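Enquirer: give me coordinates for this.
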Amino acid sequence: MQTPLKSETRTEQQPGTLSYLRFPVPTRILHWLSAAAIFVLLWSGFWIFNIHPRLYWGEVGYFGSPAIAEIVADTSTEPAQMAIRVGDASFDVTGIMGRVNRQPFVRVFNFPQGFQYGATRALHFTAAWVLVVSWLVYLYHLVSSGRLRRTWLPSRQELSPANLGRDLLNHLKLHRPKGDAARQYNTLQKLSYLLVMLLLLPLVFLSGLTMSNSVTTAWPFLFDLFGGRQSARTMHFVFASLTVFFILIHVLQLFVVGIVNHLRAMITGRLKISMEED
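Expert: As a prediction, this is how the structure comes out:
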């Protein structure tokens, strides 16, 4: 049996179950603060993207110039025919992504009443800085508390092909861990959290900052890093989409292991697990 971590001490024992402190206060506060910031970022980013739903590569991009991906609509028909184009491939999404206004560009949904591009962009950057600060503080907490080493870094045995294959199979089967296995992150969880925290989120931040004139004035090397302002916008869209994909998988796994139990634990810190072995 694994020795309980300092932040995971037993607090209550019931027949067949164990209730213990799983998430320390800093983790809970930063989790919900980050969740709120991400919600605002996705909401505001959606409307900002709809102003110009085309993606380019390089420094400049405008209607009439080649796009590597775009949402297009033919408003001469009723309903308007919509498609997503990626390179030479085209995917019909008529009736799937909402209705199209008769405008020179596509609006997948109507803008909120009183929509203002400048204010929405300012809100987007404000939420981004909240997420950046939360990310920095959480990284400091992970390292200073030893939680990064104890709970996130996989051992050599966990990285073996046999163990990775077993974890992948359990995920595909929507297997619900019990006993000692439920008290720690599995290898795929550890690897995904490390990739998101140490690679994906920094790329989201840097590509987003490349679209800020004030930031690129101070850090012009960002243009070289991403190959231009429009390339940074395209990569920002890709990285943000990967973040959404991670969140969807994360929520799906919460339903598998017990969403009420884990949401309660992220509020109170205490998680209840079944001590029955599989």
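Enquirer: count of residues packed around Val244?
Expert: Neighbourhood size, Val244 [other Cβ atoms under 10 Å]: 11. Heads up, the C-betas are built off the backbone N, CA and C, glycines and all.
Enquirer: in terms of helices and strands, where is it?
Expert: Assigned by DSSP states H and E, Val244 falls within helix 229-257.
Enquirer: if you count neighbours, what's buried in that helix?
Expert: Within helix 229-257, the residues scored as buried using 16 or more other Cβ atoms under 10 Å are 229-236, 239-240, 243, 246, 253, 257.
Enquirer: so what pLDDT did Met1 get?
Expert: Met1 is assigned a predicted lDDT (pLDDT) of 39.
Enquirer: what's near enough to touch the nearest residue to Asn163 once chain neighbours are set aside?
Expert: If the residues on either side of it in the chain are set aside, Asn163 comes closest to Thr187, at 6.0 Å by Cβ to Cβ, 6 or more residues apart in numbering. For Thr187, the contacting residues are 154, 158-159, 163-164, 167, by Cβ atoms under 8 Å, 6 or more residues apart in numbering.
Enquirer: also Met211?
Expert: Neighbours of Met211 in contact, by Cβ under 8 Å, 6+ apart: 229, 232-233, 236.
Enquirer: need phi/psi at it.
Expert: Main-chain dihedrals, Met211, degrees, to the nearest 10: phi -90, psi 0.
Enquirer: how much space between it and Phe205?
Expert: As judged by Cβ to Cβ, to the nearest Å, Met211 and Phe205 stand 11 Å apart.
Enquirer: report the buried residues of stretch 179-191.
Expert: For stretch 179-191, by 16+ other Cβ under 10 Å, it's 182-184, 186-191.
Enquirer: ah, wrong one, I meant stretch 147-158
Expert: For stretch 147-158, using 16+ other Cβ under 10 Å, the buried residues are 147-148, 151-152, 154, 158.
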